[in-house]
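Asker: structure for this input, please:
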Amino acid sequence: MAAAVVVGALSAATRLIIVSAVTATVGRFAYVAGNVDGTIAEFTVNPATGQLRHNGYIFAGNQPLALVVEPRNKFVYVANSGDNNISAFSIDPAGGNLTTVAGSPFAAGVAPLALAVEPRGKFAYVANSGSGTVSAYSIDSTTGALTAVAGSPFAAGANPSSIVADPSGEFVYVANPTSNNVSGYKIDVNTGVLTPANGSPFTAGSAPSALTVDPSGHFAYVANGVSANVSAFAIDSASGALNTISGSPFPTGAGMEIAGVTVDPSGKFLYVANFGSSSVSAFTIGAGGGLTPVSASPFPVSSSPRSVQIDPGAKFAYVSTLSANEVEVFSIGATGTLNLAGKVRTRPQSAAIAFSGGTAPVTYTPTFAYVANSNSNDITGYSVDARSGALSGISGSPFPAGSGASSVAIDPSGKFSYVANANSGNISAFTISASNGALTAVPGSPFPGGTAPSAVAVDPTGRFVYIANAGSRDVSGYTIDRISGALSAISGSPFPVGGNPSHLTVDSTGQRLYVADSGRNEVFAYNVDPLSGSLTGVVGSPFPTGLGPLSVAVDPSGRFVYVVNQGGGVSAFTVDATNGALSAIVGLPFPAGTVPVFVSVEESGKFAYVVDANSNTISAFAIDSVTGALQMTPASPFPTGTGPRWVSADPSGKFAYVTNQITNNVSAYAIDPLSGTLTLISGSPFAAGTFPISVATTGKIQ
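Answerer: Reported below is the predicted structural model:
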């Protein structure tokens, strides 16, 4: 929020509050608390489409139920209700990844359920449901560390569950569901000490469970869980007292158990997450603060909405659904209506979501590409022209790998590269030069693998590597040393598969590993332990596919799995949000040429690409965002070189690259973002080594 401009004389009694936060016009990053495994999922935000794109995860504490991004977009704070403390993280301003603040976690009261940071970013406040108090902290503006304010904690009502600071930075309000009221406090702007506002507490409806203040600071809204309505108050700008607005309370038109409430950044609309009735109620806000239901409200949500938040650009509403393990994205119409725009899977039980904003949207820029050449036993490295997608050789390329280099994968940070060497039965590991893309062998490389390792995958956090061993019929798992890139075997590795594991991938949430088994015509599914990386079979695994499955891909939302069958067609599955089990999509297998050998989904999740080794083509498929079904695009297929084997889209989603085994080169294409059509890039194909199989690309977030 920008500082207010005051015109006229300043008296000795005038207090000018300077808010240092930069006004955010677009969402850049989003963070979602996973209540079950204590993780915070990290996402980048596409402000044009509303898409949340997975960017890894980090551990918080036990049962994180709330989180907040402070106004300067430097730090994230998480309330761990099971540990009675607050985790603090700093935000990488470029990539959005979180790093634990020194001294974190910081002690809170009993069962902290909600947090708020006042708009200058000087003080944080936590509602402790179990102790009926509010903990207050000063924030170190450099490190993000929290220090308890003198006199903290401050008394609240019974079981406080929600807390908000007003936009002026003068007042804090707390919803007390058991005492059916709202505690109001005045903030000492120098010390952060809270003093009860005149008339506090203020009577609300039955079981007030959530509250918010509009961006102007004129109105406060309290969602009452049992009475299923919203109490509306005018805020006295001098004292912070709450005065009931005419017509209040306003019914939500939905069931009980309200879990969240928010006002959009424009101050025009109010939204209420109805946990008990799986819906979101929408209201327009009148000039006097009164509420009028939006046409067609309430709007259905898949299951158990825990919170609702609006992106800084006021274009999309994001609803975290506790039991569906996903965030549902809705575009906001001119009249406040909600229209489903997409869904993305999260870590178990997405309890809350918060946004970090800025003045420019996140962009992905491709940097380097690497090709594993099986017969020349090396890796060809390329620089990627960010505008055209053209490839040019990296100095020192090719880089020696093991015998039968068959698959290459890059960790999400772009620091390390891993190569599965089928003939020598090991894994080559390299560090990647950030400046020129050159590869340098990691100390201790190569690392032992199973027999005939055929494919390699890195999990979304960059903590684990998995290798499909076709000869020994298992999967080897490793932890990555985040400093050196060295690999250490995971306890219990290798993990048995079946007949002939040919390819594998980790889903975007980091929860599941899927393995295509061409020997048994099945796909194996595993749960990934977030702490150790060990694998346990998903209930019902393995799942039947077509004949000779050679490749498996998961769409970026984590909701669909695709398996390409050398015997014909693409098998498609929906993923169970709770346990990762696969259910066949009606209409499969989807035709995809005569000998399809590889499938990949580009980063927008709109298109899948399938390589056909027999006809030397690649086909583009539009993905139905609701069902996951595939529909070949009208312009497909597109010509490749001879013997195409692998396709990979770069992190920006602008370019696709196909390895051609017989012609020993790489075909490069520009991707049309609307139709998925592929257009050959000038200069394509680009020379590779002998018998290139796999291609992987890196990119940077800006």
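
Asker: going forward, measure contacts between C-alpha atoms and count neighbours the same way
Answerer: OK.

Asker: just checking, Phe573 touches Ser583?
Answerer: Yes: using C-alpha atoms under 8 Å, Phe573 makes contact with Ser583 at a distance of 5.1 Å.

Asker: the two: who's more crowded?
Answerer: The neighbour count for Phe573 versus Ser583, taken as other C-alpha atoms under 10 Å, is higher for Phe573 (24 against 15).

Asker: ok, the more buried one to Val599 distance?
Answerer: Separation of Phe573 from Val599 (C-alpha to C-alpha, to the nearest Å) stands at 14 Å.

Asker: give me the common contacts of these two.
Answerer: Tyr562 (C-alpha atoms under 8 Å, 6 or more residues apart in numbering).

Asker: domain ranges for the protein?
Answerer: 26-358, 364-701 (automatic domain parsing).

Asker: now these as CSV including mean pLDDT?
Answerer: Formatted as CSV, those follow (pLDDT from 0 to 100):
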stretch, mean pLDDT
domain 26-358, 96
domain 364-701, 96
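
Asker: ok, Pro496 - how many residues close by?
Answerer: Pro496: 16 neighbours (other C-alpha under 10 Å).

Asker: same question for Gly540.
Answerer: 12.

Asker: where does the spatially closest residue to it that is not a sequence neighbour fall, phi/psi-wise?
Answerer: Nearest non-adjacent residue to Gly540, counting by C-alpha to C-alpha, 6 or more residues apart in numbering: Ala581, 6.5 Å away. Dihedral angles of Ala581 (phi, psi; degrees, to the nearest 10) stand at phi -70, psi 150.

Asker: any idea how far Ala581 is from Gln511?
Answerer: Counting by C-alpha to C-alpha, the gap from Ala581 to Gln511 is 12 Å.

Asker: cool, and Thr640?
Answerer: From Thr640 to Gln511 the distance is 34 Å (C-alpha to C-alpha).

Asker: who has more neighbours out of the two?
Answerer: Thr640 (26 against 22).

Asker: was I right to think that one contacts Ala613?
Answerer: No: with contact defined as C-alpha under 8 Å, Thr640 does not reach Ala613; the gap is 9.3 Å.

Asker: okay, strands next: where are they in the stretch 301-450 of the chain?
Answerer: For the stretch 301-450 of the chain, the strands defined by DSSP state E, counting those that start in this stretch occupy 305-310, 316-321, 326-332, 338-345, 350-358, 364-373, 378-384, 391-393, 399-400, 405-410, 416-421, 426-432, 439-441, 447-448.

Asker: ok, which of the ones you listed comes nearest Tyr221?
Answerer: Taking C-alpha to C-alpha, strand 305-310 is the member of the strands of the stretch 301-450 of the chain nearest to Tyr221, at 14.3 Å.

Asker: can you tell me what sits against that closest one?
Answerer: 259-265, 271-275, 278-280, 316-322, 350-354.

Asker: same thing but 6 Å
Answerer: Under the criterion C-alpha atoms under 6 Å, 6 or more residues apart in numbering, residues 259-260, 264, 273, 275, 278, 316-322, 351-352 lie in contact with strand 305-310.

Asker: widest-spaced pair of those residues?
Answerer: Among the contacts of strand 305-310, Asp264 and Leu322 lie farthest apart (C-alpha to C-alpha), at 21.9 Å.

Asker: what pLDDT does the model give Ile18?
Answerer: Note for Ile18: predicted pLDDT of 40.

Asker: and for Ile353, the neighbour number?
Answerer: Counted with other C-alpha under 10 Å, Ile353 comes out at 26.
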